[in-house]
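A.B. asks: Here is a sequence together with a model predicted from it:
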Amino acid sequence: MDLDSLLEGCINNDRKSQEMLYQSFAPKMMTVCLRYADSQYEAEEILQLGFIKLFNGMKSFAGKGSFEGWVRRIFVNTAIETYKKKTIMKSFDALDGEDQTFLQSFDPDRITVQELLNMVQELPAGYRLVFNMYSIEGFSHKEIAERLNISEGASKSQLSRARTRLQQKIKIIEKELNGIRS
Amino acid sequence: MASDRKKNIDQLFKSKLEDHSSEVPPSLWNKISTELDTKEVEAPVAEAPKRRSRASWFLKIAAGLLLFGFVIWKVQPEKKTHLSKEDLTVDQSQVLAQRQDQVENRDGLSEQSDGEGAQRDSAEEIPLQSTEGSRPTGESRETRLAYKEVGTEYSNDIPDVADVAPSEETEVLYTQLPADLSQSPVEGVAAVDEAVVLTEVTDNEPAKKESEIVPLPDSEVIVAGEEEEVLANSTLSDSYEKIDVDEGSASLPLRERPKILSGVLNFVANNLQVGGNQIVEFNETDQGILRVDVKPLFDK
């Protein structure tokens, strides 16, 4: 079954087509949700919400551009909304702390994806949100500021702190890995 | 260097996480599926028609009120012009004059009617005045609609009425026959010639039948005697044939108005009202007072 007829089925509320679409997109979208969520449970909630939105808003997919990109945006937006509902952005101070340290000898392949995902999840909610939006989804600081109702400076500051945290964590993991080797 | 490092770490996460697939708990689809089911049932149906029905509800009420106002305005003034005292007395005298031409016992009848007019007035006016202040007192017994209660014994006389007074006036007189005619027939009864329609109400039985109300557009009815005599012109005859014999409404208020106005208003109101619940109800009393009952709008 090609994508078009699958989408047609989804628009007509055909449960089989919807399930097929779900099966093909759920794993990737789950990663998106996990990035934004601080727990597996929350990620599942976002995923569920996102698919409901997706199926209900199926008709509004104009057919232009990639369908996957459209789906991804739905999930990212759902995640952002969930975050905004849940958390009051706290202490978005515009202070721009430069990241001091970065692991010089860094081999990304030695760290698993799951570990990276865990690192992101362990970030404070505000850091995590801005980091996801900027570094992975590719929002600009201006867009982030508008979406989250914060200043651009605050967005930059959050991003910077998020990176610092992530670097520290990578460092720790590197150390552990080195220790295991030696 | 700092920006490189930033890019590095961003790149690291992006490349590894962007297209990564994670494990999804198998039960999740069932949750989504059931949620989709419930939403299909509940969501898309309502909302829109609700608003529309609200708007139309207000429109209907507004239209009803407009119509109501128009009817009241249309009906009221005519009534009052006919009720003015002078008109009535003139009418009556004219009618009497006509009648006298055709009556054999001219003198006796006219005397009797003159003499007894006053008595009848006093007897008849009590119910009228008590309920309708605007109603003229004295000799006026007119309304725009006439109806009659015809006694059984006199039903044969009805066709004869056709010979009587020609209708020169467009007004319709409203007549009523008192109850005690049968028991205490007055001189006038005997004196009246064929043209005079005598009507009588027997008071033996309680009223199960309401006296039939007949609108008499062109007819004149003259109340000549104390209570019993009625003169009607020729156009009355048709109407009379339709009149049911009244068997026993004597003890009741004899005069009953046709409830046309309230009937029309109720009909309109019923058709305008939403959902089959009658919210506004019109009632007309015997004295022509219109009562509007408004039921609680939000009864449910």
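C.D. replies: Here it is on my side, so go on.
A.B. asks: Please make it C-alpha for all contacts and neighbour counts, starting now.
C.D. replies: OK.
A.B. asks: Domains in chain A, by residue range?
C.D. replies: Listed domain ranges for chain A are A:3-86, A:108-181 (source: automatic domain parsing).
A.B. asks: Ok, which of those domains comes nearest residue B:28?
C.D. replies: Among these, domain A:3-86 comes nearest to residue B:28, with 7.2 Å by C-alpha to C-alpha.
A.B. asks: what pLDDT, on average, does that closest one get?
C.D. replies: Here domain A:3-86 scores 88 as its mean pLDDT.
A.B. asks: Check stretch A:148-160 too.
C.D. replies: Taken as a whole, stretch A:148-160 carries a mean pLDDT of 92.
A.B. asks: Off-centre distance for it?
C.D. replies: Centroid separation between stretch A:148-160 and its chain, computed with C-alpha atoms, centre = their mean, to the nearest Å, is 17 Å.
A.B. asks: now do stretch A:138-157
C.D. replies: 15 Å.
A.B. asks: What of stretch A:59-68?
C.D. replies: Mean-position distance between stretch A:59-68 and its chain equals 21 Å (C-alpha atoms, centre = their mean).
A.B. asks: how long is it end to end?
C.D. replies: 15 Å (C-alpha to C-alpha, to the nearest Å).
A.B. asks: That one near chain B at all?
C.D. replies: No - under the criterion of C-alpha under 8 Å from any C-alpha of the partner chain, stretch A:59-68 makes no contact with chain B; the nearest approach is 10.9 Å.
A.B. asks: Tell me the residues of chain B that contact chain A?
C.D. replies: For chain B, the contact set with chain A under C-alpha under 8 Å from any C-alpha comprises B:2, B:5-6, B:9-14, B:16-24, B:28-29, B:31-33, B:35-36.
A.B. asks: Please spell out the ChimeraX selection for the buried subset of these.
C.D. replies: Here is the ChimeraX command that picks out the buried ones among the residues of chain B next to chain A, judged by 16 or more other C-alpha atoms under 10 Å in any protein chain shown:
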select /B:5,6,9,10,12,13,14,16,17,18,20,21,22,24,29,32,33,36
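A.B. asks: just checking, which of the residues of chain B next to chain A belong to helices?
C.D. replies: Per DSSP state H, helices hold the following members of these: B:2, B:5-6, B:9-14, B:16-17, B:28-29, B:31-33, B:35-36.
A.B. asks: Now mean neighbour count too, for the domains of chain A, in JSON lines please.
C.D. replies: Listed next are these as JSON lines, based on neighbours: other C-alpha atoms under 10 Å in any protein chain shown:
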{"stretch": "domain A:3-86", "mean neighbour count": "18"}
{"stretch": "domain A:108-181", "mean neighbour count": "18"}
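A.B. asks: Output those as a markdown table; include the columns distance to residue B:55.
C.D. replies: Putting the domains of chain A into a markdown table (distance: least, C-alpha to C-alpha, whole Å) gives the following:
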| stretch | distance to residue B:55 |
| --- | --- |
| domain A:3-86 | 29 |
| domain A:108-181 | 38 |
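A.B. asks: Might you list the low-confidence residue ranges for chain B?
C.D. replies: Applying pLDDT under 70 to chain B flags residues B:1-3, B:5, B:40-53, B:76-258, B:273-279, B:295-300.
A.B. asks: Could you verify that residue B:282 is part of a strand?
C.D. replies: Yes - the assignment for residue B:282 (DSSP: H, G, I helix; E, B strand; the rest coil) places it in a strand.
A.B. asks: before we move on, the earlier item: out of the domains of chain A, flag the one nearest residue B:65.
C.D. replies: domain A:3-86 (44.5 Å).
A.B. asks: And that closest one, how far out from the chain middle?
C.D. replies: The chain centroid and the centroid of domain A:3-86 are separated by 13 Å under C-alpha atoms, centre = their mean.
A.B. asks: Same question for stretch A:162-175.
C.D. replies: With C-alpha atoms, centre = their mean as the basis, stretch A:162-175 stands 19 Å off its chain's centre.
A.B. asks: just so I have it, where are all the helices in chain A?
C.D. replies: In chain A, the segments counted as helices under DSSP H are A:3-11, A:15-36, A:40-56, A:67-86, A:113-122, A:125-131, A:141-148, A:152-181.
A.B. asks: about what we covered before: so for residue B:259, which of the domains of chain A sits nearest?
C.D. replies: Of all those, it is domain A:3-86 that lies closest to residue B:259, at 58.1 Å by C-alpha to C-alpha.
A.B. asks: Now do the end-to-end distance for the closest one.
C.D. replies: This stretch, domain A:3-86, spans 35 Å end to end (C-alpha to C-alpha).
A.B. asks: What residues sit buried inside stretch B:64-79?
C.D. replies: Within stretch B:64-79, the residues scored as buried using 16+ other C-alpha under 10 Å are B:64, B:68.
A.B. asks: Dump the C-alpha coordinates for that stretch into CSV.
C.D. replies: Output of stretch B:64-79 as CSV, limited to C-alpha atoms (Å, rounded to 0.1, in the frame of the first residue of the first chain):
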residue,chain,number,x,y,z
GLY,B,64,-44.3,36.3,17.5
LEU,B,65,-44.1,39.4,19.5
LEU,B,66,-44.4,41.6,16.4
LEU,B,67,-47.4,39.7,15.2
PHE,B,68,-49.0,39.9,18.6
GLY,B,69,-48.4,43.6,18.8
PHE,B,70,-49.8,44.1,15.4
VAL,B,71,-52.9,42.1,16.1
ILE,B,72,-53.6,44.0,19.3
TRP,B,73,-53.1,47.3,17.6
LYS,B,74,-55.3,46.2,14.7
VAL,B,75,-58.1,45.0,16.9
GLN,B,76,-58.3,47.4,19.7
PRO,B,77,-59.3,50.7,18.2
GLU,B,78,-62.2,49.4,16.1
LYS,B,79,-63.7,48.0,19.2
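A.B. asks: And the residue of chain B that's closest to chain A?
C.D. replies: Closest residue of chain B to chain A, C-alpha to the nearest C-alpha: residue B:21 (4.2 Å).
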